[in-house]
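S.K.: model this:
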Amino acid sequence: MIASSKLFSSFIQPNWPAPANVKALQTTRKGGVSLAPYHSLNVGDHVNDNPLNVARNRQLLSDYVPSEPVWLNQVHGTRVIDAALSNCVETADAAFTQKKEVVCVTMTADCLPVLLCDTQGTVVAAIHAGWRSLCDGVIEATVASMLGQHSALQANQLMAWLGPAIGPHAFEVGSEVRAQFVERDPQASDAFTASGDKWLGNLAMIAQQRLNQLGVDAVYGIHECTYQDSAKYFSFRRDGDTGRMATLIWLSA
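M.R.: Predicted coordinates:
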C-alpha cells in the first residue's frame, strides 16, 4: 500500500464542483515502470514503448478505477463513441457514457484533455482536443452526443474541466493553423499572439470559447503547461519520443 499511496499522490484530482458520483483523475508521468524516454507512467501503447511496461502501467491504474478504461485509437478527429457500447479499441477522439462504472479516458502529451459532466451526475465524457480536433469541432460533437442521448439535458447543465496541455507561451504554430481557427470562429483570433513570423496559440482559451458558445459556462481547469514541466508531464513537442498521460472520468455506482 505504500507504493499505491505514492502513486495516488502523483495524480491530479480535478478541482471542479462536479456531483459526488462523478469521479475523475489525471495521471502524470510519475509512478510507473517504463524506461527513458517513456519514464515512467506511460499509458500509450502506440509510442514504441515496451508493451509489457505499458501493460503494467495500465494495470497500476486498476486500483483507482472501477473497470478497465475504454482506451481509444486517437487520430485527431471528431468521432465520439458511447463508451458503454464499445467492445474493442475504437478509432475516436472522445467518449461519453451514462452507464455507471464505465471509464472514459483520453491520452495526451501536449494536446488538451477535456472532461465533461452534468450537474445531476448522469453523464460524463472525455475529449482528446489536439489542435486539429479542437479546430474541427470535437468539443461540439461531444456535447451534441451527450445532449442527443439525454432529451431533458441542456448545455447549461454541463460543466467542463480542462487538464494540462501545451501552454500559450510554448504552442508555436504557422499562420495557416491560426487561419483555420479564425475561419471557423473569428473570436479565436484573441487566442493567438504574434511571435516573429509565427503565432503562439492558447488551446485552453479556444476550448473555453467553444464551450461558452455552446452554452457551457462552467469551465474549470489547472492550465499547467506540459511543455514547460518536464519533471511532471510528457510533452511530444518538447521531446518527440515520449509517453502519454491519461485523463479518466466515470460515474460511481
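
S.K.: Was I right to think residue 77 contacts residue 93?
M.R.: Yes. Using CB atoms under 8 Å, residue 77 is in contact with residue 93, at 5.2 Å. For glycine as for every other residue, the C-beta is placed from the backbone atoms N, C-alpha and C.

S.K.: list the residues that contact both of the two?
M.R.: By CB atoms under 8 Å, 6 or more residues apart in numbering, residue 77 and residue 93 have these common neighbours: 133, 138.

S.K.: quick one: which of those two has more around it?
M.R.: When residue 77 and residue 93 are compared for neighbours, residue 93 comes out ahead with 28 against 18, by other CB atoms under 10 Å.

S.K.: doesn't residue 73 make contact with that one?
M.R.: No. Residue 93 lies out of contact with residue 73 (CB under 8 Å); the separation is 9.3 Å.

S.K.: how about low-confidence regions in the stretch 1-150 of the chain?
M.R.: Applying pLDDT under 70 to the stretch 1-150 of the chain flags the ranges 1-4.

S.K.: quick one, helices of it?
M.R.: Remark: helices assigned in the stretch 1-150 of the chain by DSSP state H, counting those that start in this stretch are 2-10, 51-60, 131-136, 138-148.

S.K.: Residues touching the next helix or strand after the longest one, excluding its own?
M.R.: So the one you mean is helix 138-148. Scanning forward in sequence from helix 138-148 by DSSP states H and E, the next helix or strand is strand 158-162. Strand 158-162 is contacted by residues 14, 16-18, 24, 112-119, 143, 146, 204, 207-208, 211, 215-216, 218-223 when judged by CB under 8 Å, 6+ apart.

S.K.: Which residue is the nearest non-sequential neighbour of residue 121?
M.R.: Distances taken as CB to CB, 6 or more residues apart in numbering place residue 19 nearest to residue 121, at 3.2 Å, with adjacent residues excluded.

S.K.: Actually, residue 162.
M.R.: What sits nearest to residue 162 in space, not counting adjacent residues and going by CB to CB, 6+ apart, is residue 221, at 3.3 Å.

S.K.: List the contacts of that neighbour.
M.R.: So residue 221 contacts 160, 161, 162, 163, 204 (CB under 8 Å, 6+ apart).

S.K.: where's it relative to residue 26, distance?
M.R.: Relative to residue 26, residue 221 is positioned 10 Å away (CB to CB, to the nearest Å).

S.K.: what sits in contact with each of the two?
M.R.: Common neighbours of residue 221 and residue 26, using CB under 8 Å, 6+ apart, are residue 163.

S.K.: coming back round to it: give the ChimeraX command for selecting the buried subset of the contacts of strand 158-162.
M.R.: Remark: buried members of the contacts of strand 158-162, expressed as a ChimeraX selection using 16 or more other CB atoms under 10 Å:
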select :14,16,18,24,112,113,114,115,116,117,118,119,143,146,204,207,208,211,216,218,219,220,221
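
S.K.: from the contacts of strand 158-162, which ones fall inside strands?
M.R.: Among the contacts of strand 158-162, the ones falling in strands (DSSP state E) are 24, 112, 113, 114, 115, 116, 117, 118, 218, 219, 220, 221.
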